[in-house]
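Novice: turn this into a model:
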Amino acid sequence: MNKLDKFNYDALIAAVQLLAMPCKLQVEALPSFVSVPDEVALIFDDAYKAARHVVESLDANKNAINLLNDLDSALDRMSENSELWSLQALDTDSEWGKCRLLAKDILESLNEPFVSPKLEFIQFVK
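Specialist: Numbers count the residues shown, from 1 in each chain. All right, here's what the predicted structure looks like:
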């Protein structure tokens, strides 16, 4: 894996780790001036677009690729409902709960740890 692919793969894992976290930890992981639900989804979307080909080229099992596609589709469907994009919804809505479970399953299927993500690769602008 070349350097860029490694960077993109690591960013994807960090995005999935962030998605797998409970709301309270997601809020703590991101700057106070961002919309946390939007940012969580956008970080995943950007990372997935950049790293999808990397995951597909690895000896990753089909399950991991299917789970990533499922998570991407779930977030796309959620974007059609503005009520899902509040902190309260992020904390309590079952759709976000399903995304967290998918994210945990992705980490497990890729043999990646469920730990606090390293988000240093992101520069947040106020």
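Novice: quick one: low-confidence parts of the protein?
Specialist: 60 (pLDDT under 70).
Novice: show me where it has strands.
Specialist: Using DSSP state E, the chain contains no strands.
Novice: which parts of the longest helix seen in the chain are buried?
Specialist: Secondary structure of the chain per DSSP state H: the longest helix is helix 36-57. Neighbour-count burial for helix 36-57, counted by 16 or more other Cβ atoms under 10 Å, picks out 36-37, 39-41, 43-44, 47-48, 50-52, 54-55. Every C-beta, even on glycine, is put in place using the N, C-alpha and C of the backbone.
Novice: repeat that for stretch 61-75.
Specialist: Of the residues in stretch 61-75, those buried (16+ other Cβ under 10 Å) are 64-65, 67-68, 71-72, 74-75.
Novice: now intersect those with the helices, please.
Specialist: Mapping the buried residues of stretch 61-75 onto helices (DSSP H) picks out 64-65, 67-68, 71-72, 74-75.
Novice: make CSV from those and add distance to residue 96 to it.
Specialist: What follows is those, written out as CSV (distance: Cβ to Cβ, whole Å):
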residue, distance to residue 96
64, 21
65, 22
67, 16
68, 17
71, 12
72, 15
74, 9
75, 10
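Novice: just give me the closest of the residues you listed to residue 112.
Specialist: Using Cβ to Cβ, residue 64 is the member of these that sits closest to residue 112, with 9.5 Å.
Novice: contact partners for the nearest residue in space to the closest one that is not next to it in sequence?
Specialist: Once flanking residues are discounted, residue 64 sits nearest to residue 109: 4.0 Å by Cβ to Cβ, 6 or more residues apart in numbering. Contact analysis of residue 109 by Cβ atoms under 8 Å, 6 or more residues apart in numbering lists 60-61, 63-64, 67.
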